[in-house]
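Peer 1: pasting the sequence and the predicted coordinates here, then a few questions.
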Amino acid sequence: MIQQVVRVIERTNEVLGKSVAMLAFFMAILTFVIVILRYVFDIGSIALQESVLYMHATLIMLGLAYALQTDSHVRVDIIYTRLRPNVKRLINLCGHVLFLIPFAVLLIVYSWDYVLASWRVQESSPEVGGIPGIYLLKSLIPLSATLLILQSLCEIARLLLDPRQPSD
């Protein structure tokens, strides 16, 4: 049963991660369009500029759990690569239990009122012509932390259930 739950969570994070990865391409194209509009046609658009910011935030926030899943996150491993697998497993378990999960829980706790306040007033851009959906963007904070917790639990389950982990 645990393995089925792990597969569902990991599949969800994989689909989400690969989907938002496409935003990087769209951000580059849109930035190019913004520059051309601005400097060739002397046309500016706050909404277009903010949309790049929204895409960037979405890419980062919804891609975090996928980066954790694929071990694509930044790791300072001066010593780690030389350690035995059982020591690596212990380090990874401690990292998830002592650092990642508590940090993500704190992120949810401290962002909750902030996000709810934004939803209450349907917060929009302070710029004239900006995107009227800052409350949606702020909702990514607790969502991202929740996805990180779920993926971290999957990593813990994998480390405990598979004695060959980590394989690097």
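Peer 2: Yep, it's here.
Peer 1: quick one: contacts for A117?
Peer 2: The contact partners of A117, by CB atoms under 8 Å, 6 or more residues apart in numbering, come to E123. The way it works is simple: take the backbone N, C-alpha and C, and place the C-beta from them, glycine included.
Peer 1: run the chain-centre distance for the helix or strand containing it.
Peer 2: Per DSSP states H and E, A117 falls inside helix 101-120. Helix 101-120 has its C-alpha centroid displaced from the chain centroid by 15 Å (CA atoms, centre = their mean, to the nearest Å).
Peer 1: after that helix, which helix or strand is next?
Peer 2: Next element after helix 101-120 (DSSP H and E): helix 134-138.
Peer 1: which neighbouring elements make contact with the helix or strand just after that following helix?
Peer 2: The helix or strand immediately downstream of helix 134-138 is helix 140-161, counting by DSSP H and E. Counting contacts by 3 or more CB pairs under 8 Å, 6 or more residues apart in numbering; DSSP states H and E, helix 140-161 packs against helix 2-39, helix 46-69, helix 85-94, helix 101-120.
Peer 1: report the angle between helix 140-161 and helix 2-39.
Peer 2: For helix 140-161 against helix 2-39, the angle by axes from the mean of the first three to the mean of the last three CA atoms, to 10 degrees is 140 degrees.
Peer 1: averaged over its residues, what pLDDT does helix 140-161 have?
Peer 2: Averaging pLDDT along helix 140-161 yields 94.
Peer 1: buried residues, the least confident helix or strand in the chain by mean pLDDT. List them.
Peer 2: Here the helix or strand of the chain ranked lowest by mean pLDDT, DSSP states H and E is helix 85-94, holding a mean of 89. Of the residues in helix 85-94, K88, R89, N92 count as buried by neighbour count, 16 or more other CB atoms under 10 Å.
Peer 1: swap in stretch 145-158?
Peer 2: Across stretch 145-158, burial judged by 16+ other CB under 10 Å covers A145, L147, L148, I149, L150, Q151, S152, L153, C154, E155, I156, R158.
Peer 1: next one: stretch 123-140
Peer 2: For stretch 123-140, the neighbour count (16+ other CB under 10 Å) marks E123, S125, G130, I131, G133, I134, Y135, L136, L137, K138, S139, L140 as buried.
Peer 1: now stretch 7-25
Peer 2: For stretch 7-25, by 16+ other CB under 10 Å, it's I9, E10, N13, L16, G17, V20, L23.
Peer 1: what's the last one in contact with, if anything?
Peer 2: Looking back up the chat, that one is L23. Contacts of L23 (CB under 8 Å, 6+ apart): M55, H56, T58, L59.
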